[in-house]
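Colleague: Mind looking at a prediction? Sequence and model below.
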Amino acid sequence: MPAPPFLHDTGEGRAILLLHAFPVDASQWDAQVAAFSDRYRCLRPDAFGCGSSPPPPPQLTLDAVAASVMAALDSMGVDELAVVGLSMGGYTAFALLRQHSSRIRALVLADTRAGADSDAARADRRSVAERVRAEGVEWLVEPMCERLLAPASLAEAHVVDPVRARILRCRPEGVAACQEAMAARPDSTGMLAGIAVPTLVIAGELDIVTPPAEASQMAQAIPGAGVEIIGGAGHLSNLERPDDFTTAVSSFLDEAYPAG
Ligand code: MLT
């Protein structure tokens, strides 16, 4: 198992694990941590090679990420948790469910999908990984912002500039390893009907990476799952419409995983 990723640990109470998207870092969750850390312990790993985490081990998989995050939580004495995963963080949440479903008490799957990549998407990820290793991450910043953010968010410096800065903070080996790990992830669609934990599915109304119709379909396959569409948001719905996203998660947690 790889050395653990760096886990930001804020607040006290029942644990919430917040898993960020690609290619940013745990600061993606700053607004939610500000809202929840008065009553929950907010734990946020940085992806390997991003933020404060060590470089990725060779042949990184999302199953290995999930196992190393859980090992870190074990060493911190965290037993039960709610998991909130956005996009790549959602893919990692499926890996956690495969390994430790009995410890997960509530689940939020935001702007993500259960399915694996198509062959074309896998090939695209591998070419991004290769180019990033050769040239660094700068060239990726603008195309990623256009993919991740709704047009109105792209026009707002206070939204887009921090996203640009987060991408630039990721090291090339981390970005490449995330792409390769996402390309190798298994299809989790078959797990949906067996998810027995209270689940909320969230999607940005204007998300072009994992569109709301796909999110609704995923929610329908999970027994009892709710769906929230975040108006005006693209793929990074928690950053683009932080108040709406936080309200949706807060109402869900009040029922499914009360702070106590
Ligand atoms: C993410 O936001 O984590 C990625 O864009 C997801 C993906 O590339 O599938």
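Modeller: Alright, I've got the coordinates. This is a predicted model, so every value here is computed, not measured. Residues are numbered from 1 along each chain as shown.
Colleague: can you give me the strands in the protein?
Modeller: With DSSP state E as the criterion, the chain has strands at 7-10, 14-19, 40-45, 81-86, 104-110, 199-204, 226-230.
Colleague: Enumerate every residue touching L206.
Modeller: Neighbour list for L206: 150-151, 232-234 [criterion: CB atoms under 8 Å, 6 or more residues apart in numbering]. From N, CA and C alone the C-beta is placed, and that goes for glycine too.
Colleague: Out of those residues, give me the two with the largest separation.
Modeller: The span of the contacts of L206, defined through CB to CB, is set by P151 and A233 at 11.3 Å.
Colleague: Just the buried ones out of the contacts of L206, please.
Modeller: For those, a neighbour count by 16 or more other CB atoms under 10 Å gives the buried set as 150, 233-234.
Colleague: Just give me the closest of those to the ligand.
Modeller: Ranked by distance to the ligand (CB to the nearest ligand atom), those are led by G234 at 10.1 Å.
Colleague: on that earlier part again, just checking: which of the contacts of L206 also lie near the ligand?
Modeller: Among the contacts of L206, no residue is within reach of the ligand (CB under 6 Å from any ligand atom).
Colleague: Dump those residues to a markdown table, plus pLDDT and distance to T199.
Modeller: Listed next are the contacts of L206 as a markdown table, based on pLDDT from 0 to 100; distance: CB to CB, whole Å:
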| residue | pLDDT | distance to T199 |
| --- | --- | --- |
| A150 | 98 | 25 |
| P151 | 98 | 30 |
| G232 | 98 | 24 |
| A233 | 98 | 20 |
| G234 | 98 | 22 |
